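Visitor: I would like the atomic coordinates for the input below:
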Amino acid sequence: MFHNANLLNLIDGIPHAVILVDKNLNVSRMNRRAEALTGRSNDEASGVQTDYILRSNLHPFSDYFRAVLQEKKMVAHEGNILDRNRKIIPVRFTISPLESHSADLLGVMVVIEDLSFVPYLQEKAAGLDGFEGVISLSPKMQEVNEQIPIFAGTDASVLIYGETGTGKGFVAEKIHQASKRSGYPFIKVNCGALPEQMLESELFGHAQGAFPGADHKRPGMFRLADRGTIFFTEIGDLPLSLQVKLLTVLDDGEFSALGGTKKVAMNARIIAATSMDLKAMIAEGQFREDLFYRLNVLRLHLPPLRERAEDIPLLIDHFVKSLSTGNLAPHFERKALRVLKDYSFPGNVRELRNIIEHAVTLSLGETVKYEHLPEYLTQGNEAERYASSWGANKGQERRTADGETKGSATKWNDVEKEMIIEALRKSRGKRSEAAKMLGWARSTLYRKLKHHGI
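Guide: I've put the predicted structure just below:
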């Protein structure tokens, strides 16, 4: 059903997720945007009840589809959907009846419009700069704000440097939202989260039977990101063998699925991020120099939170308001604020947000007091002592190849190792809890455990 070539080309050209549903309320066809949104390929979704493919607060969809089929009239409903990354996205569903040339009812077409960009687009139309989300008074971050719209105006590759938790993914998404590709997918690739073969399959897709368990062909992230942006969250973790393949794709502008022979044109903007010193990795043979120069066309450096201390009160206020459920947001008592202002935040903005969420939750919506802060901030543990000593020594600085600053009196690697050990001790070896204490993702903690030989 729905095999008309013109119709299929038409829905692939629509800059929204589109799903064709037959009269039995099963998925018949999805465009690339819908594949990217749901994380399911056409082969996997075809013939499956739509309610099992679209995870939404409008469940069950069958009620809406039957009404459209009976009335033969288009309807539109706003709701939300859980995307492939388990993120809740506000959307508008437009459901229209589909008829043949002879007026026979074939099924319905569902168009899913992402509404998360609407506030940004309204600001842009009103002549506002559209980047108020990058909250900062820091001159260094103001430079970043000024560069975002410039970088959004080109398709050149971008390499974003910054320590873990500084907001590299946030800035990458801002660049995408401000670009001409904003109506198409923004696909994130975590280079350190999957084994090498699985990561290759995730990137380029695989043909049916390409390896044991490959029962269906699957589109990779390059195909799902068609006309959009693909973001490598920690490019330094990409295995050398895949660095070669990525370089080939960037040079040739095409790729083939794992186990496949057909070449597919690549039309996605590349943004990569790293917290590592890639030039040092090149010298050690861990990163390809030619790939580095291919990615490092445009460059952004995000300063750590300890270098933009003037932003801490702004960020606290922002996170308190966003995390509060009532009409009145709690305020911080002076002692609690002093602890936060004196802390060096090794986990940067992400760690600050975790701390605020912890404190606001324990405060029950009232005044946030000193005792509501996480224990590692109030009990003078080793992690804070080492982090603070690093901040105290930042008067004597040297600049690394990535443009970051480090105290010459204290080696950051040693500080970081001690912080990790202390967090593991406090969490009794539970890595998930230790990662949360440090304001890191679990994959980041695993990578750093390997780096430090812990």
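Visitor: C-alpha only now, for contacts and for neighbours.
Guide: Noted.
Visitor: partners of the longest strand anywhere in the chain, with directions?
Guide: The longest strand of the chain (DSSP state E) is strand 88-99. Here strand 88-99 is paired, per DSSP bridges, with strand 75-82 (antiparallel), strand 105-114 (antiparallel).
Visitor: Quick check: which of those strands is buried the most?
Guide: strand 105-114 (a mean of 22; mean count of other CA atoms under 10 Å).
Visitor: what's the pLDDT at residue 91?
Guide: In this model, residue 91 is scored at 86, pLDDT.
Visitor: What of residue 413?
Guide: 65.
Visitor: who touches stretch 19-30?
Guide: Applying CA atoms under 8 Å, 6 or more residues apart in numbering, the contact partners of stretch 19-30 are 1-2, 17-18, 31, 34, 42, 45-50, 62, 65, 105-111.
Visitor: Show me which residues of the longest strand of the chain are buried.
Guide: Residues of strand 88-99 classed as buried by neighbour count (16 or more other CA atoms under 10 Å): 88, 89, 90, 91, 92, 93, 94, 95, 96, 97, 98.
Visitor: sorry, back to before: the strands paired with strand 88-99: which one's closest to residue 321?
Guide: Judged by CA to CA, the one of the strands paired with strand 88-99 that comes nearest to residue 321 is strand 75-82, at 22.2 Å.
Visitor: what does that closest one rub up against?
Guide: For strand 75-82, using CA under 8 Å, 6+ apart, the contacting residues are 38, 54-58, 68, 88-96.
Visitor: Please identify which pair of those lies farthest apart.
Guide: So, these by CA to CA: farthest apart are 68 and 88, at 25.6 Å.
Visitor: quick one: residue 272 is in a strand?
Guide: Yes. According to DSSP: H, G, I helix; E, B strand; the rest coil, residue 272 belongs to a strand.
Visitor: Would you agree it is in contact with residue 231?
Guide: Yes. Between residue 272 and residue 231 there is a contact at 5.6 Å, judged by CA atoms under 8 Å.
Visitor: relative to its centroid, which residue of the protein is most remote?
Guide: residue 102 (46.1 Å; CA atoms, centre = their mean).
Visitor: Please confirm that that residue is located within a helix.
Guide: No. Going by three-state DSSP, the assignment for residue 102 is coil, not a helix.
Visitor: so what's it up against?
Guide: Counting by CA under 8 Å, 6+ apart, residue 102 has no contacts.
Visitor: before we move on, back to that, out of the buried residues of strand 88-99, give me the two with the largest separation.
Guide: Farthest pair in the buried residues of strand 88-99, by CA to CA: 88 and 98, 28.5 Å.
Visitor: Buried residues of stretch 62-73, list them for me.
Guide: 62, 65, 66, 68, 69, 72.
Visitor: Farthest pair within those residues?
Guide: Farthest apart among those - using CA to CA - are 62 and 72, which lie 14.8 Å from each other.
Visitor: what about the stretch 351-454 of the chain, any weak spots by pLDDT?
Guide: Along the stretch 351-454 of the chain, the model assigns pLDDT under 70 to residues 380-413, 415, 439.
Visitor: With the chain instead?
Guide: Using pLDDT under 70, the chain drops low at 1-8, 117-133, 325-328, 380-413, 415, 439.
Visitor: quick one on the thing from earlier: turn the buried residues of stretch 62-73 into JSON lines, including distance to residue 13 and secondary structure.
Guide: Shown next, in JSON lines, are those (distance: CA to CA, whole Å; DSSP: H, G, I helix; E, B strand; the rest coil):
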{"residue": "62", "distance to residue 13": "26", "secondary structure": "helix"}
{"residue": "65", "distance to residue 13": "23", "secondary structure": "helix"}
{"residue": "66", "distance to residue 13": "27", "secondary structure": "helix"}
{"residue": "68", "distance to residue 13": "24", "secondary structure": "helix"}
{"residue": "69", "distance to residue 13": "25", "secondary structure": "helix"}
{"residue": "72", "distance to residue 13": "25", "secondary structure": "coil"}
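Visitor: Dump those residues into JSON lines; add distance to residue 207 as well.
Guide: What follows is those, written out as JSON lines (distance: CA to CA, whole Å):
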{"residue": "62", "distance to residue 207": "32"}
{"residue": "65", "distance to residue 207": "33"}
{"residue": "66", "distance to residue 207": "36"}
{"residue": "68", "distance to residue 207": "37"}
{"residue": "69", "distance to residue 207": "36"}
{"residue": "72", "distance to residue 207": "39"}
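Visitor: I figured residue 352 hits residue 343, correct?
Guide: No. Contact criterion CA under 8 Å: residue 352 and residue 343 do not qualify, at 9.9 Å.
Visitor: quick one, which of those two is more surrounded?
Guide: More crowded of residue 352 and residue 343, by other CA atoms under 10 Å: residue 352, with 23 against 18.
Visitor: Check for me that that one belongs to a strand.
Guide: No. When three-state DSSP is applied, residue 352 is found to be helix, with no strand at that position.
Visitor: Distance of it relative to residue 315?
Guide: 8 Å (CA to CA, to the nearest Å).
Visitor: and if you look at residue 372?
Guide: 18 Å.
Visitor: And for the closest residue to residue 38 other than its chain neighbours, the neighbour number?
Guide: Closest residue to residue 38 apart from its sequence neighbours, by CA to CA, 6 or more residues apart in numbering: residue 84 at 5.0 Å. Counted by other CA under 10 Å, the residues lying close to residue 84 total 15.
Visitor: ditto for residue 227
Guide: Based on other CA under 10 Å, the number of other residues close to residue 227 is 21.
Visitor: do the same with residue 169
Guide: Residue 169: 19 neighbours (other CA under 10 Å).
Visitor: Also residue 366?
Guide: 14.
Visitor: For it, give me phi and psi.
Guide: Note on residue 366: backbone dihedrals following degrees, to the nearest 10 are phi -110, psi -150.
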